[in-house]
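Novice: fold the following.
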Amino acid sequence: MNIAIVGATGNVGRKIIEVLEKKNFEISELFLVASSKSEGKKINFKNKEHVVIDLEKFDFSKVKIAFFAAGSSIAEKWAPIAAKKTIVIDNSKFFRKDPEIPLIVPEVNSKELIKVKNRNIIANANCSVIPMVVALKPLHDLYNIKRIVASTYQSVSGAGRAGMDELLSQTKDYFDNKKIESKNFTKQIAFNVIPHIDSFLENGSTKEEQKNHDEVKKILDKKINITSTCVRIPVLVSHSISLNVEFDKKFNLEEIRKVLSTSPGCKVVDEQKDGGYITPVEAENEYETFISRIRQDDSQPNTINLWIVSDNLLKGAALNAVEIAESLVDKDLYGR
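Specialist: The predicted structure follows:
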């Protein structure tokens, strides 16, 4: 099968290349596509150098699946063009709310992939929503989730390479006693947290918080009530989420631990002792969604607390996209 990656030189694009190689995804020919600025760059895949192709010049009829990892503006213009000739798996937010386009997390709602026939486009979910629903799906099946209160602590890689560079440069400037300048974030990110991701809406929430609301409902269950606060933290990679989850019925904590331990994509690390939990540093470069601090909320009936950590560049983006492609192949839904 021939594959294209649009945005191959960016954070997520490079991670898709890495995941495809590690998973040994069956590829006849790989086309790496980016803007004209990156044309001619060379990227290694399976010990072979691949030359980056200008998006404006690429013929999508050459491939069966095209991964898009280049942002909303590129997806808006180019995904429909590509979808006339191939299947598009898009990592941007642009198509996620479109009712005709499936929003997929394979462990949760792969049955929705049949809707790819509507427009030949599949949307990859938000980088915090993906691990959230991976952990919540088995619990929803057991106890029917009524309400979720989510606090996300999101690494700077969620803002791209520029966000990572800014954290590193600000940290250096801090120790060099230099003036700290903020270009990519609204405030200093080094040694600080910023309770603001994406632009503000009229109701006081941010677009990132609205994404959590809209996407959890679309992927998991439209009846679930959810509210969230999204915070940018001075960590390079991996997003963390504190969840307060209310069920419709009484639960058994041991049953929750057991089902999470055996659910696809989940790994429970919950020793309830010093260090018996997962942090962002440990989740980096790992494929699993890690779940810790599982406990009853004594202030509210039928409610638990969870701590979730996942590599936002992998399961939160590239890995989930590749797993969507694997599901397409398994269900024989790829190609026209």
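Novice: number of nearby residues for S327?
Specialist: Other residues lying near S327 total 18 when counted by other Cβ atoms under 10 Å. C-beta here means a position set from N, CA and C on the backbone, and glycine is covered the same way.
Novice: tell me the phi and psi of it?
Specialist: phi -70, psi -40 (degrees, to the nearest 10).
Novice: I'd say it and P106 touch.
Specialist: Yes. Judged on Cβ atoms under 8 Å, S327 makes contact with P106 at a distance of 4.8 Å.
Novice: now do the least confident helix or strand in the chain by mean pLDDT: distance to the chain's middle.
Specialist: Sorted by mean pLDDT, DSSP states H and E, the helices and strands of the chain end with helix 116-119, the least confident at a mean of 94. Helix 116-119 sits 22 Å away from the centroid of its parent chain (Cα atoms, centre = their mean, to the nearest Å).
Novice: what do you get for stretch 326-336?
Specialist: Distance of stretch 326-336 from the chain centroid (Cα atoms, centre = their mean) equals 21 Å.
Novice: for that stretch, buried residues please.
Specialist: For stretch 326-336, the buried set under the neighbour-count rule, 16 or more other Cβ atoms under 10 Å, comprises 327-329, 334.
Novice: phi, psi for S310 please.
Specialist: phi -150, psi 150.
Novice: show me the contacts for the nearest residue to it once chain neighbours are set aside.
Specialist: Excluding the flanking residues, the one nearest S310 by Cβ to Cβ, 6 or more residues apart in numbering is P131, at 3.6 Å. The neighbours of P131, taking Cβ atoms under 8 Å, 6 or more residues apart in numbering as the test, are 239, 241, 289, 308-310, 315-316.
Novice: repeat that for S155.
Specialist: Contact partners of S155, counting by Cβ under 8 Å, 6+ apart, are 233, 235-239, 280, 312.
Novice: between those residues, which is closest to M164?
Specialist: Of all the contacts of S155, L236 has the smallest distance to M164: 5.6 Å, by Cβ to Cβ.
Novice: and that closest one, what does it touch?
Specialist: 155-157, 164, 167-168, 284.
Novice: does it count as helix, strand or coil?
Specialist: coil (DSSP: H, G, I helix; E, B strand; the rest coil).
Novice: for the helix or strand hosting E49, what is the distance to the chain centroid?
Specialist: Using DSSP states H and E, E49 sits within strand 48-51. Strand 48-51 sits 27 Å away from the centroid of its parent chain (Cα atoms, centre = their mean).
Novice: give me the next element, helix or strand, following it.
Specialist: Following strand 48-51 toward the C-terminus (DSSP H and E): strand 53-54.
Novice: how far out from the middle of the chain is that following strand?
Specialist: 26 Å.
Novice: elements contacting that strand?
Specialist: Judged by 3 or more Cβ pairs under 8 Å, 6 or more residues apart in numbering; DSSP states H and E, strand 53-54 is in contact with strand 29-34.
Novice: for the strand it packs on, packing partners?
Specialist: Packing partners of strand 29-34 (3+ Cβ pairs under 8 Å, 6+ apart): strand 2-6, helix 11-22, strand 42-45, strand 48-51, strand 53-54.
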